[in-house]
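A.B. asks: Generate coordinates for the sequence data below:
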Amino acid sequence: MELNREKLRALVLYIIWKAGEQKDFGITKLYKTLWFSDARAYQALGRPITGGTYVRQKFGPVPKHVGDILNELERDGQIMIWSEPYFDFKVTRFRAFEPAGTDLFTPDELSLIDWWVKHIDEEHSAASISEKSHDYGWKIAGMGEDLPLRAFLASRVRAPNDEELSWAQQEASRLGLK
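C.D. replies: Okay, here's the model as predicted:
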């Protein structure tokens, strides 16, 4: 699925509208909400919500196009972005000035998004949700490398044997992943 830029923009605005002004909801939690919403939709519905590409970064998956989207939303007066001190760090925070439309989302997508917004906002710190996003799929990707949503399904139970490793390398080459 290709990136649906309009849907990604709506999703970013929706998440900021729902949780942006919460005390501990900053850029890390925004990125995690986007990642888990898209990845769980891929798992549960067989397709992601936005079709966006995520990239492995130090603190977890980051949507490749989110910087441009945030800049557009701020330029258009729909959100405000600022930084504030948080212990020894600076946290990027958000405020939405208008509610986001939901007409681009299916009821199943909205249900997933709402669950992740609430779960991440109320039950996690930025550090704890970052830890959850550092799954096996994230660990095997190189820093700055695209992280396919199917990586979310990867798990590591044991080391592959020689035959399995050979097969995986051949498949990766065949699919252009190596």
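
A.B. asks: Could you list the low-confidence segments of the protein?
C.D. replies: Counting by pLDDT under 70, the chain shows low-confidence ranges at 133-137, 152-158, 178.

A.B. asks: so what strands line up beside the helix or strand encompassing Pro61?
C.D. replies: Under the criterion DSSP states H and E, the helix or strand holding Pro61 is strand 60-63. Within its sheet, strand 60-63 is paired with strand 54-57 (antiparallel), according to DSSP bridges.

A.B. asks: From the chain's centre, how far out is the strand it pairs with? Work that out for me.
C.D. replies: Taking Cα atoms, centre = their mean, to the nearest Å, one finds strand 54-57 lying 9 Å from the centre of the chain it belongs to.

A.B. asks: Mind listing residues that contact that strand?
C.D. replies: Residues external to strand 54-57 that are found in contact with it (Cβ atoms under 8 Å, 6 or more residues apart in numbering): 35, 38, 61-64, 138, 141-147, 149. To be clear about C-beta, it is placed using only N, CA and C from the backbone, and glycine gets the same treatment.

A.B. asks: just checking, which of those belong to strands?
C.D. replies: By the criterion of DSSP state E, membership of the contacts of strand 54-57 in strands covers Pro61, Val62, Pro63, Asp146, Leu147.

A.B. asks: Weed out the non-buried ones from the residues you listed.
C.D. replies: Buried by 16 or more other Cβ atoms under 10 Å: Pro61, Val62, Pro63, Leu147, out of the ones in strands among the contacts of strand 54-57.

A.B. asks: Quickly check the residues you listed for the two that are furthest apart.
C.D. replies: Across those, the longest distance by Cβ to Cβ is 10.2 Å; it joins Pro63 and Leu147.

A.B. asks: Between these two, which contacts overlap?
C.D. replies: Going by Cβ under 8 Å, 6+ apart, residues that sit against Pro63 and also against Leu147 are Thr53, Tyr54, Val55.
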